[in-house]
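S.K.: Got a predicted model here, sequence first, then my questions.
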Amino acid sequence: MLRKPESKLWQLIKKNTPTILWNRIETTTIMGFPDLVGCHKDCGFFTVELKVSKRGKIKLSPYQIAWNYSHALKGGRCFILATPLEQSTLNIYGGCMVRELSLNANEVEPLAVFRKPFNWDKVALFLTQFKE
């Protein structure tokens, strides 16, 4: 069975960030809830919405936009991690950026960009240390 691009991205993250305890959330009960919940000794819990972009567009549902934006405004550690289909870069955006990101991803500057070969220690450090 072929895995979807987001599933491949999830497997890559899980394998390469062992200092973070991850839970992948597949829910239909809370619309817009992010794909991943991470837990780390330095920051506690945080969420990550995974997106594989096609032709520079990042598809976010109105529920995903509302969830990330409202939780980020209340101090939640919320990230959108986007990569193109070929996974040449990992682009990390903050939850407060989700509205603009949904309208025109090409004009939104990521908080962090990691290029292949990914330095996974730096990716994990960014996710656990950055504050919006």
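M.R.: Happy to help now that I have it.
S.K.: Of all the strand elements in the protein, which one is longest?
M.R.: Determined from DSSP state E, the single longest strand within the chain is strand 44-53.
S.K.: Can you list the buried residues in that one?
M.R.: Using 16 or more other CB atoms under 10 Å as the test for burial, strand 44-53 gives 46-53. Placement of C-beta: from N, CA and C, glycine included.
S.K.: Can you name the residues in contact with it?
M.R.: Strand 44-53 is contacted from outside by 5-6, 9-10, 13, 34-40, 58-60, 64, 68, 71, 76-85, 87, 95, 105, 127-128, using CB atoms under 8 Å, 6 or more residues apart in numbering.
S.K.: Please apply the same query to stretch 78-89.
M.R.: Here stretch 78-89 has contacts from 5, 8-9, 12-13, 34, 46-54, 56, 58, 60, 68, 71-72, 90-95, 97-98, 101, 105, 110, 113-116, 127, using CB under 8 Å, 6+ apart.
S.K.: Kindly report the same for stretch 98-111.
M.R.: 53, 56-60, 64-65, 68-69, 72, 80, 82, 91-94, 97, 126, 130, 132.
S.K.: Among those, name the ones in helices.
M.R.: Among the contacts of stretch 98-111, the members falling in helices (DSSP state H) are 64-65, 68-69, 72, 126.
S.K.: Please confirm that residue 86 is located within a helix.
M.R.: No: using DSSP: H, G, I helix; E, B strand; the rest coil, the assignment for residue 86 is coil, not a helix.
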